[in-house]
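Engineer: Quick one, what's the 3D model for this:
(4 chains)
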Protein chains: 2
Amino acid sequence: MQEHMAERCDYICVHEDLVQKVAELLPEEEQLYDLADFFKVFADTTRIKILFVLFESEVCVCDLARLLGMNQSAISHQLRILKQSKLVKNRRDGKTVFYSLADDHIKSILGQGMEHINE
Amino acid sequence: MQEHMAERCDYICVHEDLVQKVAELLPEEEQLYDLADFFKVFADTTRIKILFVLFESEVCVCDLARLLGMNQSAISHQLRILKQSKLVKNRRDGKTVFYSLADDHIKSILGQGMEHINE
DNA sequence: TCAATATATGAACATTTATTCATATGTTGA
DNA sequence: TCAACATATGAATAAATGTTCATATATTGA
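Structural biologist: This next block holds a predicted model:
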């Protein structure tokens, strides 16, 4: 694992206090995984599209598939991921299942992403 | 592609105005790709760790590798991705290359992610 | 110019991921 | 109870991704 990992640069640029600061400020490994998983949810255009639709309205699975031009199964799989991340919630009304946003700051997160790429 | 895609739900839940709104508000396909790519950068614990270190200080590649306990090549590959996304910048000083943050709102984006997972 | 050091990069490999297909589950109305 | 419809899900497949290894490039000091 550390084959190519120099034990120390000749040119020392890291001071001891930085090593300590990093040790203090780096979140726990588990939290880093959760954080990466959270951003993974936004890292797919299908899921982003679903969220954009849900900004406008609660929608059923079938209509989501139709609106996005994809098959029902693909949408269902992605909705499961969105639900597991607690970004959407659903309610059943007869045969139909309606999905809606479960979190208020989704729009703001996507907005920040948009800001960054439009520079 | 649309094998299992119902042409229309029996139970109509999408009104025409929603179809139109979605057509208006959904960003262009290219922008959606850029947006997904942007979030992909945050979707990996190694890159998140690198960003956390850079919050504290400008650091050289060798020291990043040492601080994170990974080999130099892995770090270098990830730094390239971060640089392509314009999240970090670098400067060369002799043999050493120093990396630092290139964007102010990285902290705020990661912060929002942290907020969401700590609920 | 040459050896030593720091960083970058291409190829290979293992793992993860999104979509599709087939089918299961759940609900309604007849 | 049964057919029809809406949704969910497991397995298979293709594509994308992160790390490692080997090696290339770049810089310095002798």
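
Engineer: list the contacts for the closest residue to residue A:86 other than its chain neighbours?
Structural biologist: Counting by CB to CB, 6 or more residues apart in numbering or on different chains, residue A:86 lies nearest to residue A:102, which is 5.6 Å off, once chain neighbours are set aside. C-betas here are computed from N, CA, C, even on glycine. By CB atoms under 8 Å, 6 or more residues apart in numbering or on different chains, residue A:102 lies in contact with A:83, A:86-89.

Engineer: So for stretch A:73-83, mean pLDDT?
Structural biologist: What stretch A:73-83 shows for mean pLDDT is 98.

Engineer: Could you list the buried residues of that stretch?
Structural biologist: Within stretch A:73-83, the residues that count as buried by 16 or more other CB atoms under 10 Å in any protein chain shown are A:75, A:78-79, A:81-82.

Engineer: next one: stretch A:82-98
Structural biologist: For stretch A:82-98, burial by neighbour count (16+ other CB under 10 Å) applies to A:82, A:85, A:87-88, A:98.

Engineer: Which one of the residues you listed is nearest to residue B:48?
Structural biologist: Using CB to CB, residue A:85 comes nearest to residue B:48 of those, at 16.6 Å.

Engineer: and that closest one, what does it touch?
Structural biologist: With contacts defined as CB under 8 Å, 6+ apart, residue A:85 is in contact with A:37-38, A:41.

Engineer: which residues sit against the helix or strand bottoming out on mean pLDDT in chain A?
Structural biologist: Least confident helix or strand of chain A, by mean pLDDT, DSSP states H and E, is helix A:16-25 with a mean of 82. Residues outside helix A:16-25 that contact it (CB under 8 Å, 6+ apart): B:52-53, B:55-57, B:59, B:67.
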